[in-house]
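Enquirer: here you go, sequence then predicted model.
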Amino acid sequence: MDWGVMHLVNHGIPDELIERVKKAGDAFFELPLEEKEKYANDQVSGKIQGYGSKLANNASGQLEWEDYFFHLIFPEDKRDLSIWPKYPADYTVATSEYAKLLRGLATKIMAVLSIGLGLEEGRLEKEVGGIEELLLQMKINYYPKCPQPELALGVEAHTDVSALTFILHNMVPGLQLFYEEKWVTAKCVPNSIIMHIGDTIEILSNRKYKSILHRGLVNKEKVRISWAVFCEPPKEKIVLKPLPETVSETEPPLFPPRTFQQHIEHKLFRRLKKVDAWWLHMLLFYMFYG
C-alpha cells in the first residue's frame, strides 16, 4: 500500500445515516458563536473535548483557518455525553449509530490488513486493543470561506498517530497527500469514506503500510467540512513495536518499542525544536488531530 490511503465504497454504512451525521454537524456550526462557545474546550487545563477555533499563524508562518468540535464517540461507556451538542436534536442519535457501524468497519479493515501481512485476520485489532480498548475520537473540521486561501491552511502537514483514520467530507476538495515529493489533492468520491493508515499501523507493520503525510486546504468560494474519526490504541497498556512476522535479517525493525503515549511524546519532542514557545500549549492537540 504505497499511498496508505483509499476511498471505501460499498462499506455497509447507509448513505441516509451518513447524511444525517453531516447535517447534524453542519447545523451545529451554523449556530451563533455564543451557543457554540457553551461547548468550548480548554486546552490550557487539558480539557480537549468540545468546540474550539484556530486562527493563528502555524509553525510554517501560514494562517490556520478552522473551527472544530472534538469528542470521543466509542466505546459508549467511555463517552461524556454532557459535552455533546444538544442541537440539533439528532446529533447524538445519528453520531452514536454511525460510531457503532464505523467500529465494525474498522474491524473489517484491520482484518484485511492483517491478511495482507500474512497474519491471522484478528491480529492487528488485537495488537491495538481489541473491542474493549480501541478508542474512536471524532473531530469535525469546519473551514469557513477564506478570502485569501493561498495564505492559509486548514490543517498543516502531519501524519496521524492513530491506527486508522476515517474521513467524511461535504464534497469540497481540500485534503492533500504528499506522494513522490509533491502534494496531490484527493478526489471527492460520492458516498465514499476516505480511510488512511496512521502511525500505529505503520509501526506494527514495520512500514509495510505507510502513514502518509497530509494537510487540509481552505476554499475561497465554499465552506469545507470534514468528519475525521481516529481509531486509537490505549495510551499506556500496549507497547507498539514491529510485529515479529514483519522483521527479518534483511528487514530489521524500523521503530523502537514505545507505548502510544511515548510515541506521541516522541513526535512532540521532535516538533518542539521547530516552533516558537508561545505555540506549544496548543501543539499536541493540533498535531495529532488534524
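Expert: Thanks, I have the structure now.

Enquirer: now do the helices in the stretch 151-290 of the chain.
Expert: Taking DSSP state H, counting those that start in this stretch as the test, the helices found in the stretch 151-290 of the chain are 199-204, 260-272, 280-288.

Enquirer: show me the shaky parts of the protein.
Expert: For the chain, applying pLDDT under 70 flags the ranges 1, 43-45, 55-64, 151-153, 269-290.

Enquirer: now do the same contact list for Phe230.
Expert: Leu136, Gln137, Met138, Lys139, Asp160, Val161, Ser162, Leu164, Thr165, Gly198, Phe288, Tyr289 (C-beta atoms under 8 Å, 6 or more residues apart in numbering). Where you see a C-beta, it was placed from the backbone N, CA and C, and this is true even at glycine.

Enquirer: now tabulate those in a markdown table and tack on distance to Gly50.
Expert: Shown next, in a markdown table, are those (distance: C-beta to C-beta, whole Å):
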| residue | distance to Gly50 |
| --- | --- |
| Leu136 | 17 |
| Gln137 | 12 |
| Met138 | 12 |
| Lys139 | 11 |
| Asp160 | 20 |
| Val161 | 20 |
| Ser162 | 20 |
| Leu164 | 24 |
| Thr165 | 20 |
| Gly198 | 23 |
| Phe288 | 17 |
| Tyr289 | 13 |
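
Enquirer: reformat those as JSON lines; add distance to Asp26 and neighbour count.
Expert: Output for the contacts of Phe230, formatted as JSON lines (distance: C-beta to C-beta, whole Å; neighbours: other C-beta atoms under 10 Å):
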{"residue": "Leu136", "distance to Asp26": "21", "neighbour count": "23"}
{"residue": "Gln137", "distance to Asp26": "20", "neighbour count": "20"}
{"residue": "Met138", "distance to Asp26": "14", "neighbour count": "23"}
{"residue": "Lys139", "distance to Asp26": "15", "neighbour count": "22"}
{"residue": "Asp160", "distance to Asp26": "23", "neighbour count": "24"}
{"residue": "Val161", "distance to Asp26": "27", "neighbour count": "23"}
{"residue": "Ser162", "distance to Asp26": "24", "neighbour count": "28"}
{"residue": "Leu164", "distance to Asp26": "24", "neighbour count": "25"}
{"residue": "Thr165", "distance to Asp26": "21", "neighbour count": "25"}
{"residue": "Gly198", "distance to Asp26": "26", "neighbour count": "23"}
{"residue": "Phe288", "distance to Asp26": "25", "neighbour count": "22"}
{"residue": "Tyr289", "distance to Asp26": "20", "neighbour count": "21"}
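
Enquirer: who's in contact with Arg207?
Expert: Arg207 neighbours (C-beta under 8 Å, 6+ apart): Leu254.

Enquirer: could you pick out the longest helix of the chain?
Expert: helix 91-116 (DSSP state H).

Enquirer: thinking again about what came up before, between the contacts of Phe230, which is nearest Leu117?
Expert: Leu164 (14.6 Å; C-beta to C-beta).

Enquirer: measure the residue lying closest to that closest one once chain neighbours are set aside to Thr200 for me?
Expert: Residue nearest to Leu164 in three dimensions, not counting chain neighbours: Cys231, with 4.5 Å by C-beta to C-beta, 6 or more residues apart in numbering. Distance from Cys231 to Thr200, counting by C-beta to C-beta, to the nearest Å: 8 Å.

Enquirer: what is the burial count for Lys78?
Expert: Using other C-beta atoms under 10 Å, Lys78 is surrounded by 11 other residues.

Enquirer: so it touches Gln137, yeah?
Expert: No - look at Lys78 against Gln137 with C-beta atoms under 8 Å: they stay out of range, at 10.4 Å.

Enquirer: related to what we said a few turns ago, which helices and strands sit right next to the helix or strand that comes right after the longest helix of the chain?
Expert: Scanning forward in sequence from helix 91-116 by DSSP states H and E, the next helix or strand is helix 123-127. Here helix 123-127 touches helix 91-116, helix 199-204, going by 3 or more C-beta pairs under 8 Å, 6 or more residues apart in numbering; DSSP states H and E.
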